[in-house]
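>>> Need coordinates for the below:
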Amino acid sequence: MPTTPEDAAAPRRDEVDRIIAGWAQARGDLDSSPLAVFSRISRLARYLEAARRDAFTDAGLDGWEFDMLSALRRSGGDALSPGALMRETLVTSGTMTTRIDKLVTRGLISKNRSPHDGRAVEVRLRSEGVARVDQAMESLLAAERTLLRPLTPAGRAGLADTLRSLLLTFEVDDPLED
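Residues are numbered from 1 along each chain as shown. Alright, predicted model coming up:
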C-alpha cells in the first residue's frame, strides 16, 4: 500500500522492470531498452500459449489441428487444396499430407478428388470439424479478452496498431495481396 503521495503516483513495476534494473546495475554501459518491449512480449506470449493450449485441449484438438481446421473454417465453406492449406499453415507438403490423413481418420475433414479436375484434391471440413474449431475459437477469444481486460478499448486499439507497425517490418509479403 502506498504510504506517500509520491508512492501512489509511481508506476507499478513488473518483473521486466526488475530485470532491466539488474542489467543497468551489472552493465550500465548497455542500452537495455529493447528488453522493455521484447521481454514483455515474450512473457505475454507464455500466457497466450497457455490460453491457446487450454482452449484447444477443451475442444479435443492439438494446436496444429486447430490451425488446419481454422484455415478451412475461414474459407467460408469452400474446399481448399492441400497447396492452399500449406500456404495457410506454413508447413511442407509431406507434413500436410500426414496432417490431412490424420484429420480424415478422426472424421474432422474429408478429402476427395475435385469434380472439376480429377487430378486435384479438395479438402473440406466435416460437421464434427466445424463444431470443434468453433468451440476452440470461442474459448480462445474468451481467454484473450480476459488477458486484455486491463486495457481500455482505446488502449487495445493502440497496442494493436503499434504491434502491426512492428510486425509489418518483418512480413515482406502481404498474403492479402495474393
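
>>> going forward, measure contacts between C-alpha atoms and count neighbours the same way
Fine.

>>> Let me see the ranges of the strands in the chain.
Along the chain, counting by DSSP state E, strands occupy 109-113, 121-125.

>>> Redo those as CSV? Include mean pLDDT, distance to residue 165 and mean neighbour count.
Below are the strands of the chain laid out as CSV (pLDDT from 0 to 100; distance: least, Cα to Cα, whole Å; neighbours: other Cα atoms under 10 Å):
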stretch, mean pLDDT, distance to residue 165, mean neighbour count
strand 109-113, 93, 36, 17
strand 121-125, 94, 34, 21
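
>>> among the ones you listed, which is nearest residue 160?
strand 121-125 (30.6 Å; Cα to Cα).

>>> now the closest one against strand 109-113, angle please.
Here the directions of strand 121-125 and strand 109-113 differ by 160 degrees (axes from the mean of the first three to the mean of the last three Cα atoms, to 10 degrees).

>>> Low-confidence stretches in the protein?
Across the chain, residues meeting the criterion (pLDDT under 70) sit at 1-8, 173-178.

>>> ranges for the helices of the chain?
Under the criterion DSSP state H, helices of the chain are mapped to 5-9, 15-26, 33-58, 63-74, 82-89, 93-105, 127-148, 153-168.

>>> Would you mind giving those helices as JSON lines with mean neighbour count added?
Shown next, in JSON lines, are these (neighbours: other Cα atoms under 10 Å):
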{"stretch": "helix 5-9", "mean neighbour count": "9"}
{"stretch": "helix 15-26", "mean neighbour count": "14"}
{"stretch": "helix 33-58", "mean neighbour count": "15"}
{"stretch": "helix 63-74", "mean neighbour count": "19"}
{"stretch": "helix 82-89", "mean neighbour count": "16"}
{"stretch": "helix 93-105", "mean neighbour count": "14"}
{"stretch": "helix 127-148", "mean neighbour count": "17"}
{"stretch": "helix 153-168", "mean neighbour count": "12"}
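
>>> Please consider this matter closed, and thank you.
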